[in-house]
Every structure is written in C-alpha cells, then in structure tokens.
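*Asks:* got a sequence here, can you build the structure:
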Amino acid sequence: MRVLIQLRPAPDVVAAVADPGVTTTTADVSGDLPGVVLDHSFAPVAVPRPVPATGGDPLSLNQTLTFSLAAEQASVLVRGEISDDELSTRVTLLPNTRSDVVGVYADPVIASNIVCGGDAPVGDWHDVERLLRVADLRTERLDGSGVPLAIMDTGINAAHIAQLLGHAPTIDTAHSWNPSGVSGNAGRFPVDHGTMCAFDALISAPKASLIDIPVLRSRRPGGSEIDGLLSDAVAAFSHLRTVLGSLPAATRSLVVSNSWGSFSPDWDFPVGHPGNYSDNAAHPFNLIVSSLEQAGADILFAAGNCGRDCRDRRCAYPDRPIGGANSHPRVLSVAGVDTEGERVGYSSQGPGRLTQRKPDICAYTHFSGSKAFGENDPDSGTSAACPVAAGVVAAIRTR
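*Replies:* The predicted structure is shown next:
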C-alpha cells in the first residue's frame with residue numbers, strides 16, 4: 001500500500017523543505033525506515049502546523065485556524081510503500097520506534113469525476129452563459145482579468161479551447177506545475193478531462209489566468225489513464241500556497257478547481273484509523289487544504305458522481321460517498337444540475353464525511369461545450385459543474 005509518512009526532522013531540515021528556493025530530497029529528510037520502500041522521486045513537502053485562534057482543538061476544521069511553517073513547528077511528508085502483509089505492523093511500529101515519525105497516512109488513488117450513462121446533452125454552453133448572466137458580469141467588468149485559476153486535472157490543451165472560443169486562453173506557465181514523473185508543457189497536454197474543465201471555467205471568466213496542474217497524469221502500477229495519487233495533490237497544494245504567497249497582497253487571489261476524488265475505501269485505511277483520509281481532519285492533505293484556504297484561496301471540489309439514481313461504476317462507498325477534501329468545511333463542494341434546473345441522477349448526495357452539510361451548491365453540467373470527448377458528447381458529471389462554479393468565483397474575484 002502506498003503511504004504518506006509525516007516526519008519531524010531537525011528544524012534546519014524543515015526550514016530547507018519549506019523554502020521554495022531550496023531543493024531537498026527524501027534522502028535529505030529521512031534515513032531508512034524499517035519495512036518502508038521510500039519513493040525518492042517524490043520531493044518532500046512541508047506541512048504547516050494548525051494553531052487554533054481560540055485555543056481549541058487544532059484538528060477541528062470548523063474553527064478559525066492559523067497555520068505555521070516555522071521550522072520548530074512544521075513537519076515534512078515523504079512517500080513510500082509498505083507491503084500489505086506487514087501494513088498493520090509497520091503503521092503501528094514506526095511512530096513508536098522512531099521519534100521523528102509523527103504518523104503514517106493513506107495515499108489513496110484519486111480519479112476524475114466522469115459521468116456514468118450516455119444521455120444526450122441538455123442545452124449547450126451558451127445556455128449556461130445565459131443562465132449565469134454572464135452579460136451582466138461583463139457589464140460590471142467581471143471577467144477574471146488578473147485572477148489565477150488553477151485547474152487540478154489531466155492538463156489543458158489551449159489550442160483546442162481557442163478553436164471553440166475564438167481566442168486563446170491565458171496560460172500562466174510560470175506558476176503551472178507538473179507532478180514528479182509527468183512530462184509535458186502547460187497548455188499543451190492532450191485534449192482530455194482537464195481541457196473540458198478549463199473550457200467550462202472560462203464560460204464566466206474568459207480572461208482568467210489558468211494555472212495548469214496535471215495532477216491526474218501521474219501514474220501508478222495498473223492505473224487508468226486519468227488517475228493519480230493523493231500525495232501528488234499534497235505537493236500541488238503546497239506549490240499553490242507558495243504561488244499565493246508570492247502575489248501582491250493588495251490584489252492577491254487564487255481559485256482552485258478540483259474535479260476529482262477518491263471513490264473507494266480499498267485504497268484507504270479504515271475509518272477510525274489514524275492514517276485514514278476519508279473521515280480524518282488530521283490527514284495532511286486536509287490540513288494543507290485548510291492552510292491554503294486560510295491564506296486566501298477559493299477552493300472548489302466536485303461532489304462526485306455517486307448519486308443514487310446513476311452511480312459511477314467505481315463508487316465503492318456503501319453510503320456517504322462525499323469524503324476527504326471533497327467534504328471539507330473550508331471548500332465549496334459542488335453538485336450538478338442540468339440547464340433545466342433538474343438534479344442530474346449521478347450527482348452525489350450528502351451528508352458528507354468531514355462535514356455533514358455537503359454538497360454546498362449546485363452548478364450546471366451535462367451540456368454541449370468543450371467537445372473534449374467527441375462532437376456529440378456533453379461536458380458532464382460534477383466534473384463540469386465544479387469548474388463552471390469556479391469560473392463564477394474567478395469572475396467575481398476580478399475585484
């Protein structure tokens with residue numbers, strides 16, 4: 001099983017990992033860990049320490065938190081693998097035998113939220129434009145100008161989008177980022193799920209600066225063409241926190257669109273286990289999401305396609321399928337309706353796992369738009385609804 005190992009090495013090592021100008025490796029952070037095959041291709045990631053503003057529980061995501069990357073407080077994540085037959089033993093022993101090991105956490109598979117079923121599109125992207133009153137946004141000069149909008153997905157094909165919109169989208173190549181082992185240039189990835197997401201965000205925010213983060217292009221043995229590991233999302237959010245901090249304070253903004261999630265408990269520790277992701281506020285990714293939101297980012301996640309009427313075949317949770325960061329209290333969890341205002345049957349229903357009252361909002365999906373999957377195939381799933389909503393947020397963030 002793939003795992004994330006949280007370490008607290010010497011303060012000077014933590015400081016080096018937290019410094020974006022310094023390159024560190026797994027070997028710099030950790031020696032050998034018994035029974036763990038460390039992944040040396042994964043760059044260590046600094047995890048800020050949550051500090052409650054009122055002296056409450058630092059692991060409660062429903063309160064006001066600040067986050068510290070001070071060398072004496074922060075910790076570091078590395079990635080590795082533990083054989084299944086030794087998993088329970090190693091997870092228990094590591095924190096007890098090594099004083100620098102804080103915890104061992106699940107690194108579950110993450111995958112895009114593609115729709116099940118083959119229903120025809122309901123309307124097209126011009127209907128979405130009309131329903132979102134984009135003309136009124138333009139009158140108010142709310143078009144996403146100068147707003148960084150990160151698309152965490154399979155990568156963007158800017159040329160394909162330009163053919164449909166009649167103008168080239170702005171790709172922020174300086175702030176785009178690839179996971180370890182993923183080749184390719186920002187804005188030049190094959191037409192796929194990420195291109196759909198970028199197109200749908202641009203319906204409301206055509207002048208937003210797209211940050212291309214192909215987190216779903218990382219590969220695992222036996223993986224599909226569009227899935228990755230949560231550890232790559234951890235590293236990506238850490239990168240985005242650096243990006244946000246580098247922007248001028250007076251105009252600082254960042255919108256992050258995430259049309260992916262974890263579908264199965266098979267790649268996670270059981271609920272109640274300290275290494276669990278789906279229901280665990282203390283999982284490092286859930287903490288990093290909090291820290292990025294607290295720093296000023298608007299973060300949106302697709303609610304998923306595990307609705308009772310038309311479940312995606314990958315949905316393996318028997319109930320409450322909105323888990324992990326998709327149900328985080330500090331993000332907008334986005335469900336789907338068609339352009340006639342009807343809930344699409346595959347849109348996941350609550351309650352959520354980290355927060356019960358999820359999803360938060362619905363946005364439009366299942367319309368003819370990007371043609372990323374074919375001339376007659378809709379932009380569908382909560383995968384489309386999430387960037388549609390993210391575009392509205394980016395438009396408003398123009399001011």
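*Asks:* spatially nearest residue to the residue located most distally from the centre of the chain, not counting backbone neighbours?
*Replies:* Distance from the C-alpha centroid of the chain peaks at residue 97, with 33.0 Å (C-alpha atoms, centre = their mean). Leaving aside its chain neighbours, residue 97 sits nearest to residue 34 (7.3 Å; criterion: C-beta to C-beta, 6 or more residues apart in numbering). Backbone N, C-alpha and C define where each C-beta goes, glycine included.
*Asks:* for the strand or helix carrying residue 286, which helices and strands make contact with it?
*Replies:* With elements taken from DSSP states H and E, the one containing residue 286 is helix 284-294. With contacts defined as 3 or more C-beta pairs under 8 Å, 6 or more residues apart in numbering; DSSP states H and E, helix 284-294 has these neighbours: strand 45-47, strand 49-52, strand 65-68, helix 230-246, strand 298-302.
*Asks:* ranking these by burial, who's on top?
*Replies:* strand 298-302 (a mean of 27; mean count of other C-beta atoms under 10 Å).
*Asks:* check what contacts it and list those residues.
*Replies:* Residues outside strand 298-302 that contact it (C-beta atoms under 8 Å, 6 or more residues apart in numbering): 113, 253-261, 289, 292-293, 325-326, 328, 330-334, 381-383, 385-387, 389-390, 393, 397.
*Asks:* repeat the analysis, applying 7 Å as the threshold.
*Replies:* Strand 298-302 is contacted from outside by 113, 255-261, 289, 292-293, 325-326, 330-334, 382-383, 385-386, 389-390, 393, 397, using C-beta atoms under 7 Å, 6 or more residues apart in numbering.
*Asks:* could you do stretch 269-277 as well?
*Replies:* Contact partners of stretch 269-277, identified using C-beta under 7 Å, 6+ apart, comprise 91, 103-106, 108, 230, 262, 268, 278-279, 283, 285, 324.
*Asks:* in this structure, which ranges drop under the pLDDT threshold?
*Replies:* Low-confidence segments of the chain, defined by pLDDT under 70: 53-63, 113-117, 219-227.
*Asks:* for residue 51, see how far away the residue most central in space within it is.
*Replies:* By C-alpha atoms, centre = their mean, the chain has its centre lying nearest to residue 258, at 4.4 Å. Using C-beta to C-beta, to the nearest Å, residue 258 is found at 25 Å from residue 51.
*Asks:* count the residues that sit near residue 273.
*Replies:* 16 (other C-beta atoms under 10 Å).
*Asks:* that one and residue 373, how far apart?
*Replies:* Separation of residue 273 from residue 373 (C-beta to C-beta): 37 Å.
*Asks:* how about residue 21?
*Replies:* Going from residue 21 to residue 373 by C-beta to C-beta gives 41 Å.
*Asks:* swap in residue 250?
*Replies:* Distance, residue 250 to residue 373, using C-beta to C-beta: 41 Å.
*Asks:* how about residue 176?
*Replies:* For residue 176 relative to residue 373 (C-beta to C-beta), the value is 23 Å.
*Asks:* residue 388 should be in a helix, yeah?
*Replies:* Yes: assessed by DSSP: H, G, I helix; E, B strand; the rest coil, residue 388 belongs to a helix.
*Asks:* in stretch 137-155, which of the residues would be classed as buried?
*Replies:* 137, 142-145, 147-155 (16 or more other C-beta atoms under 10 Å).
*Asks:* run the chain-centre distance for that stretch.
*Replies:* Distance of stretch 137-155 from its chain centroid, counting by C-alpha atoms, centre = their mean, to the nearest Å, is 17 Å.
*Asks:* end-to-end on that stretch?
*Replies:* Counting by C-alpha to C-alpha, to the nearest Å, you get 27 Å between the two ends of stretch 137-155.
*Asks:* next one: stretch 177-186
*Replies:* 8 Å.
*Asks:* what's it in contact with?
*Replies:* Under the contact criterion C-beta under 7 Å, 6+ apart, stretch 177-186 has outside partners 41-43, 155, 171, 173, 176, 212-215, 217-219, 228, 232, 235-236, 239.
*Asks:* in helices only, show me those residues.
*Replies:* In this view, these that belong to helices under DSSP state H are 232, 235-236, 239.
*Asks:* isn't residue 132 right up against residue 391?
*Replies:* No: counting by C-beta atoms under 7 Å, residue 132 stays clear of residue 391, with 8.1 Å between them.
*Asks:* identify the contacts common to those two.
*Replies:* Counting by C-beta under 7 Å, 6+ apart, the contacts common to residue 132 and residue 391 are residue 204.
*Asks:* between these two, which one's more packed in?
*Replies:* Relative neighbour count places residue 391 above the other of residue 132 and residue 391, with 32 against 19, counting by other C-beta under 10 Å.
*Asks:* for the host helix or strand of the more buried one, packing partners?
*Replies:* According to DSSP H and E, residue 391 maps onto helix 381-396. Counting contacts by 3 or more C-beta pairs under 7 Å, 6 or more residues apart in numbering; DSSP states H and E, helix 381-396 packs against strand 148-152, helix 193-202, strand 255-258, strand 298-302, strand 332-337, strand 361-364.
*Asks:* neighbouring contacts of stretch 104-112?
*Replies:* Outside stretch 104-112, the residues that reach it (C-beta under 7 Å, 6+ apart) are 2-6, 79, 91, 94, 153-154, 193, 216, 220, 224, 226-231, 233, 259-263, 267-269, 275-277, 283-284, 314, 383.
*Asks:* going through these, which ones are buried?
*Replies:* Counted by 16+ other C-beta under 10 Å, the contacts of stretch 104-112 give 2-6, 79, 91, 94, 153-154, 193, 216, 226-231, 233, 259-263, 267-269, 275-277, 283-284, 314, 383 as buried.
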